[in-house]
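K.L.:
Provided below are the primary sequence and the corresponding predicted coordinates.
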Amino acid sequence: MVDRDLVEAAQRGDREAYVDLIRPRADHLFAVAHRILRDVDRSEDALQDALVIAWRDLRAVRDPGRFDAWLRRLLVRVCIAHATRERRRSAKLRLLPADGPAAPDHLLTVADRDQLERGFRRLPPDQRAILVLHHFAGYAPAEIAETLGIPPGTARSRLHNAHRAMRAALEADARVEALGGRLA
Amino acid sequence: MTHDRDIERVLDLWFADGPMEVSDRVFDEAVERIHRQPQRRSWRFLWREPNVSSPMRLAAAAVVAIVAVAVAAVLFYPRLTPTPAVGPTASPSPTCLKPYSDQVTQFEDCTYTTTNFAVPLSIRLDSRWRPSQSFSQNWLGLRVVLPDAPANVQALSLDFFVLDRVFDTQCHRADVIPGSSTKYKGATPQDFWSWLGRSAPMVTFATPLEVSVAGHRGLQAVSTTKVNQIVDACQNGGVDIGDLGAGEWFILFAENPDRLTAVVVDGKTLLINVRIDSGGPSDASDAAYFPTLTAAADQVLASLEFRSAAPSVNP
């Protein structure tokens, strides 16, 4: 059964078809959620919420061929909502150790990753999502625009701003470290 | 760090780091939640055609078009004039009167009367029209494929909804409906539109115009909504307007315009909705075509009569 058939079966209320539909997608969706939220527990919560909401609202999908785009968009929305709630709840940033296996590259040091982690957590949730969609999911600005429901030009400018903010955050971090080193 | 390396390459490397698999426990919990979660029912989904390949769809459309052109050329086109007012100007045929049924694939040239619709009515249809696939006490739907429709327009949909209750919170998430929705207390079309303006700010409505619907005063406006606005507000593609009382909801979807007419009949709020039934997002050709669709609907609505009781019919 092709996915289109699964989508239509799920839209008719077939839960098993829906589970078959989402099972092969769950890992990638979780990975995307984790890159945005930077926390395993919250990523798991966001994934579950997105999968349940998607089931609930599946009949709003008019073109089954667009299911993946719709589901990914829903997940990103849920992640942004989770991240926004977290920012409202606590202005204090928590620095968590990186989850999962060690970095596959030999180019980023632990200090690099800490800097990136801190800089990324300072970004607004929507900018985090844009960076993840571009650098992790490999989306072009036009695809980011479609996923987030924003004009392509807006996606390009937000991506540019996110890069600039990330670079500025990292440079500010580096300056603080340099100053701390001198004071020490 | 960023002085020496391109920030984009650094981010590529950094995002490649991290977990790539979700645990079975988390997935199983999601499945458990899904089994407890009812699915929203959408009347639009019930209307959808079975999946047909494009060549078959084109062939079917061509056949329908050839037949419909002949009828439309004689009966329909000379009277295609968009008008906001609809009224009982056409007389039902005295020789053909049948009960409305969703079991036929296509109607005959005849006047159809409802026998169990919440607002009893009669309406004259011709053989171009088809019934919706699921007729209920509070929902009666009609569809027609017009010969000159843009390629992505599957049909014109004309439907009647009797709202059992309208929702009083934005987006109306399924998990808050039982505690937050109320029985609709409105008594006039103005009440409904006033409520709608408050409850669905993400939907843009033209200024409602007064119209006459089978001798009843109603208010009519076209809604337009970008999908972004609804998704931003509701995290899905539609905003729920009202409950039809049988597990089905009236959902206003984005992108394609809807012409909504509210009229109160025997204390019940009846919504008459005219919309493009397309397989995907609307485009400029759809918008340009919308007046033609509404005019086609008005041709049918001109024959509408509300009845106090089901008449005797010729089967």
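P.N.:
Structure's in. What do you need?

K.L.:
Helices of chain A, start to end?
P.N.:
A:3-11, A:15-37, A:40-56, A:67-89, A:110-122, A:125-135, A:141-148, A:152-183 (DSSP state H).

K.L.:
excluding its backbone neighbours, what's nearest the residue nearest the centre of chain A?
P.N.:
In chain A, the C-alpha nearest the mean C-alpha coordinate belongs to A:Ile36, at 3.4 Å (CA atoms, centre = their mean). Spatial nearest neighbour of A:Ile36, excluding adjacent residues (CB to CB, 6 or more residues apart in numbering or on different chains): A:Cys79 at 4.3 Å. All C-beta spots, glycine's among them, are computed from the backbone N, C-alpha and C.

K.L.:
what about that neighbour, how many neighbours?
P.N.:
By other CB atoms under 10 Å in any protein chain shown, 28 other residues sit near A:Cys79.

K.L.:
Ok, B:Thr105 next?
P.N.:
With other CB under 10 Å as criterion, B:Thr105 counts 6.

K.L.:
contacting residues around it?
P.N.:
B:Arg130 (CB atoms under 8 Å, 6 or more residues apart in numbering or on different chains).

K.L.:
Assign it to one of the three secondary structure states.
P.N.:
coil (DSSP: H, G, I helix; E, B strand; the rest coil).

K.L.:
Go through stretch B:259-269 and flag the buried ones.
P.N.:
B:Arg259, B:Leu260, B:Thr261, B:Ala262, B:Val263, B:Val264, B:Val265, B:Thr269 (16 or more other CB atoms under 10 Å in any protein chain shown).

K.L.:
On the pLDDT front, check the third one for me.
P.N.:
Meaning B:Thr261. pLDDT for B:Thr261: 93.

K.L.:
So in that sheet, which strands flank the strand or helix carrying it, and in what orientation?
P.N.:
Following DSSP states H and E, one finds B:Thr261 within strand B:258-265. As defined by DSSP bridges, the strand partners of strand B:258-265 come to strand B:216-224 (antiparallel), strand B:268-278 (antiparallel).

K.L.:
Over the first one, what's the mean pLDDT, rounded is fine.
P.N.:
The average pLDDT within strand B:216-224 is 89.

K.L.:
what's in contact with it?
P.N.:
Taking CB under 8 Å, 6+ apart as the rule, strand B:216-224 contacts B:84, B:189-190, B:192-193, B:203-212, B:252, B:257-265, B:272, B:290, B:306.

K.L.:
Return the closest of the buried residues of stretch B:259-269 with respect to A:Asp20.
P.N.:
Nearest to A:Asp20 among these, counting by CB to CB, is B:Leu260 at 38.0 Å.

K.L.:
beta partners of the closest one?
P.N.:
Going by DSSP bridges, B:Leu260 forms beta bridges with B:Ala221, B:Asn273.

K.L.:
show me what contacts it?
P.N.:
B:Phe205, B:Gln220, B:Ala221, B:Val222, B:Ser223, B:Leu271, B:Ile272, B:Asn273.

K.L.:
Of those residues, which is the most crowded?
P.N.:
B:Leu271 (25 neighbours).

K.L.:
Wait, that residue touches B:Gly141, no?
P.N.:
No. Counting by CB atoms under 8 Å, B:Leu271 sits too far from B:Gly141 to count as a contact (11.9 Å).

K.L.:
Can you check which residues contact both of those two?
P.N.:
With CB under 8 Å, 6+ apart, B:Leu271 and B:Gly141 have common neighbours B:Phe160.

K.L.:
which two in the contacts of B:Leu260 are spaced the farthest apart?
P.N.:
Applying CB to CB across the contacts of B:Leu260, the maximum distance is between B:Phe205 and B:Ile272, 14.9 Å.

K.L.:
How much space separates B:Ser303 from B:Leu121?
P.N.:
10 Å (CB to CB, to the nearest Å).

K.L.:
Output the below-cut-off pLDDT ranges for chain A.
P.N.:
Scanning chain A with the threshold set as pLDDT under 70 gives A:1-2, A:85-108, A:111, A:172-184.

K.L.:
A strand includes B:Phe161, no?
P.N.:
Yes. Counting by three-state DSSP, B:Phe161 falls inside a strand.

K.L.:
Kindly tell me how buried it is, as a neighbour count.
P.N.:
25.

K.L.:
Pull the contacting residues for it.
P.N.:
Contacts for B:Phe161 (CB under 8 Å, 6+ apart) come out as B:Trp43, B:Asn138, B:Trp139, B:Gly242, B:Leu244, B:Phe250, B:Leu270, B:Leu271, B:Ile272, B:Asn273.

K.L.:
so how far is chain A from the residue nearest to the fifth one when sequence neighbours are not counted?
P.N.:
Just to be clear, that refers to B:Leu244. Excluding the flanking residues, the one nearest B:Leu244 by CB to CB, 6+ apart is B:Asn138, at 4.1 Å. When distance is defined by CB to the nearest CB, to the nearest Å, B:Asn138 is 18 Å away from chain A.

K.L.:
Quick one: neighbours of B:Asn138, just the number.
P.N.:
Residues near B:Asn138, counting by other CB under 10 Å: 23.

K.L.:
Please report how far it lies from B:Leu158.
P.N.:
B:Asn138 is 16 Å from B:Leu158, by CB to CB.

K.L.:
what's the answer for B:Thr261, then?
P.N.:
B:Thr261 is 10 Å from B:Leu158, by CB to CB.

K.L.:
Quickly list what's touching both of the two.
P.N.:
B:Ile272, B:Asn273, B:Val274.

K.L.:
surely the first one meets B:Leu163?
P.N.:
Which is B:Ile272. No. Using CB under 8 Å, B:Ile272 is not in contact with B:Leu163, being 11.8 Å away.

K.L.:
how about the helices of chain A, which one is nearest B:Ala30?
P.N.:
helix A:40-56 (4.4 Å).

K.L.:
what's the neighbour count on residue 112?
P.N.:
Here I'm looking at chain A. Count around A:Asp112 with other CB under 10 Å applied: 19.

K.L.:
actually it's chain B I care about, not the one you picked
P.N.:
For B:Tyr112, using other CB under 10 Å, the count is 26.

K.L.:
Just say helix, strand or coil for it.
P.N.:
Classified using three-state DSSP, B:Tyr112 is strand.

K.L.:
contacting residues around the nearest residue to it once chain neighbours are set aside?
P.N.:
Closest residue to B:Tyr112 apart from its sequence neighbours, by CB to CB, 6+ apart: B:Tyr100 at 4.3 Å. Contact analysis of B:Tyr100 by CB under 8 Å, 6+ apart lists B:Tyr112, B:Thr113, B:Thr114, B:Thr115, B:Phe117, B:Ile123, B:Pro131, B:Phe135, B:Leu140.

K.L.:
From those, pick the one nearest A:Arg66.
P.N.:
B:Pro131 (27.8 Å).

K.L.:
Let me know whether the closest one touches B:Val144 as I believe.
P.N.:
No. Between B:Pro131 and B:Val144 there is no contact under CB under 8 Å: 10.9 Å.
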